[in-house]
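> Here is a sequence with its predicted model. Questions after.
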Amino acid sequence: MKTPVYLNALRAFEASARHQSFSAAAAELNVTPAAVGQLVRTLEEWLGASLFHRAAGGRARLVPSEAAERALPEIRAGFERLSLGLERLREGSLNGVLTVTVSPAFAAKWLLPRIDRFQTACPDTDVRLDTNLKAVDFAAQRIDIGVRYGLGSWPGLIAEKLMEEEVYPVCSPELLRPAGRLKKLADLAQETLIHDLSMDGHAGFPSWVAWLQKAGVEGGHGRRGMKINNSAAVLQAAVEGHGIALARSVMARDDLVAGRLVRLFGKIRYASPLAYYVVYRAECAGLPRIRTFRDWLLQEAQRDRGR
């Protein structure tokens, strides 16, 4: 028996044993029931033994023989190892799917407006975005690469700094009419402040209280206002004129360039202690798809800094 027929026959046998039906196995393998039956018979002829007890009716028309039951675990394990081997071969190519994990807000405000440039440069790589606020297990969830916001240390992952950022108040241009509104820091006490709770409780995450303290503003109004647990929605609320948002520069950049938002009190500089990092597993660092996407992210960040 030639090797390709041998593998096809084994696959037909395994699927038929699992479903106890040639028809169900055929539907899974996308062939006809007759083709499955012929492959199984070919295997039986080569072995010189029957692999199934065949019944004329009932739900289970095929019952694996005792010898078949003993062999099935090894055959299934072999197919799993073959699939893993093929996956390893695919990983060494730019072709295929690249799974990228980012927060929903980072995807909306930074990555998606730029991703067309990557897809134009690497048309054979299909990007699959996993948008999640919580840290995911790269190995268990088959994540290739990601961007995380924090202090730069995540167990089991290499972290390379992508972008630092500044924090400052922003609002819709409409809120500055009539002229003279929001000229003094004290004016913030009369405005609705929009708070970002997407990483509430994370050490170092920028807050209105911290920014106002940096600006030297006394009083407790830094805790009042609208509270939203999504950074992109915080900025959208400001764009729509619902109040003053404390913006993170990486997220707000495109809205500022487009004129949808205006920065307030630009002389006050407040650097976030947190930053964006490209993260990936050490054992995957040399894979072409991951290396290419990592380099592209760094180039895009450098491009933003150069503007």
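Structure received. Numbers count the residues shown, from 1 in each chain.

> Every contact and neighbour count from this point should use C-alpha atoms.
OK.

> which ones are touching residue 81?
Listed by C-alpha atoms under 8 Å, 6 or more residues apart in numbering, the contact set of residue 81 is empty.

> Distance of residue 61 relative to residue 75?
Residue 61 is 21 Å from residue 75, where distance means C-alpha to C-alpha, to the nearest Å.

> same question but for residue 247, I mixed them up
If you go by C-alpha to C-alpha, the gap between residue 247 and residue 75 works out to 57 Å.

> Out of those two, name the residue with the larger neighbour count.
Between residue 247 and residue 75, counting by other C-alpha atoms under 10 Å, residue 247 is the more crowded of the two (29 against 16).

> Double-check that the more buried one belongs to a strand.
Yes: using DSSP: H, G, I helix; E, B strand; the rest coil, the assignment for residue 247 is a strand.

> give me the beta-bridge partners of it?
residue 168 (DSSP bridges).

> doesn't residue 237 make contact with it?
No: using C-alpha atoms under 8 Å, residue 247 is not in contact with residue 237; the gap is 11.4 Å.

> can you list residues touching both of the two?
Counting by C-alpha under 8 Å, 6+ apart, nothing touches both residue 247 and residue 237.

> how about the closest residue to residue 232 other than its chain neighbours, what does it touch?
Spatial nearest neighbour of residue 232, excluding adjacent residues (C-alpha to C-alpha, 6 or more residues apart in numbering): residue 105 at 4.8 Å. Residue 105 makes contact with 230, 231, 232, 233, 251 under the criterion C-alpha under 8 Å, 6+ apart.

> Can you pull the phi/psi pair for the residue nearest to residue 240 when sequence neighbours are not counted?
Nearest residue to residue 240, sequence neighbours excluded (C-alpha to C-alpha, 6+ apart): residue 172, at 6.8 Å. For residue 172, the backbone dihedrals are phi -70, psi 140 (criterion: degrees, to the nearest 10).

> Pull the number of nearby residues for residue 172.
Per other C-alpha under 10 Å, the neighbour tally for residue 172 reads 25.

> for it, what are its contacts?
238, 239, 240, 241, 260, 261, 262.

> And it, how close does it get to residue 206?
21 Å.

> Also residue 222?
Noted for residue 222: a distance of 12 Å to residue 206, by C-alpha to C-alpha.

> Of those two, give the one with the bigger neighbour count.
residue 206 (25 against 21).

> would the more buried one count as being in a strand?
No: assessed by three-state DSSP, residue 206 does not belong to a strand; its assignment is coil.

> For it, give its distance to residue 127.
In terms of C-alpha to C-alpha, residue 206 sits 31 Å off from residue 127.

> One more: residue 42?
Residue 42 is 42 Å from residue 127, by C-alpha to C-alpha.

> just residue 67 next, same as before
45 Å.

> quick one: which of the two has more around it?
Using other C-alpha under 10 Å as the criterion, residue 67 and residue 127 rank with residue 127 on top: 16 against 12.

> The more buried one in helix, strand or coil?
Look at residue 127: counting by three-state DSSP, its state is strand.

> Identify the residue nearest residue 261 in space, chain neighbours excluded?
residue 172 (4.8 Å).

> would the residue nearest to residue 232 count as being in a helix?
Yes: counting by three-state DSSP, residue 105 is part of a helix.

> Please report how far it lies from residue 262.
19 Å.

> what's the answer for residue 185, then?
15 Å.

> Quick check, residue 15 in contact with residue 25.
Yes: using C-alpha under 8 Å, residue 15 is in contact with residue 25, at 5.1 Å.

> Show me which of these two is the more surrounded one.
More crowded of residue 15 and residue 25, by other C-alpha under 10 Å: residue 25, with 24 against 21.

> from what I can see that one touches residue 10, true?
No: at 12.0 Å, residue 25 does not count as touching residue 10 under the criterion of C-alpha under 8 Å.

> For stretch 100-114, give the mean pLDDT please.
For stretch 100-114, mean pLDDT is 95.

> no wait, stretch 81-94
On average, stretch 81-94 scores 63.

> cool, stretch 271-279 as well?
95.

> Can I get that stretch as CSV, trimmed to CA atoms?
The C-alpha atoms that make up stretch 271-279 are tabulated as CSV, following Å, rounded to 0.1, in the frame of the first residue of the first chain:
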residue,chain,number,x,y,z
ALA,A,271,4.3,61.4,31.7
SER,A,272,2.5,58.2,32.5
PRO,A,273,4.5,55.7,34.5
LEU,A,274,3.0,53.0,32.2
ALA,A,275,3.8,52.3,28.6
TYR,A,276,2.9,50.0,25.7
TYR,A,277,5.0,46.9,25.1
VAL,A,278,5.2,44.3,22.3
VAL,A,279,5.0,40.9,24.0
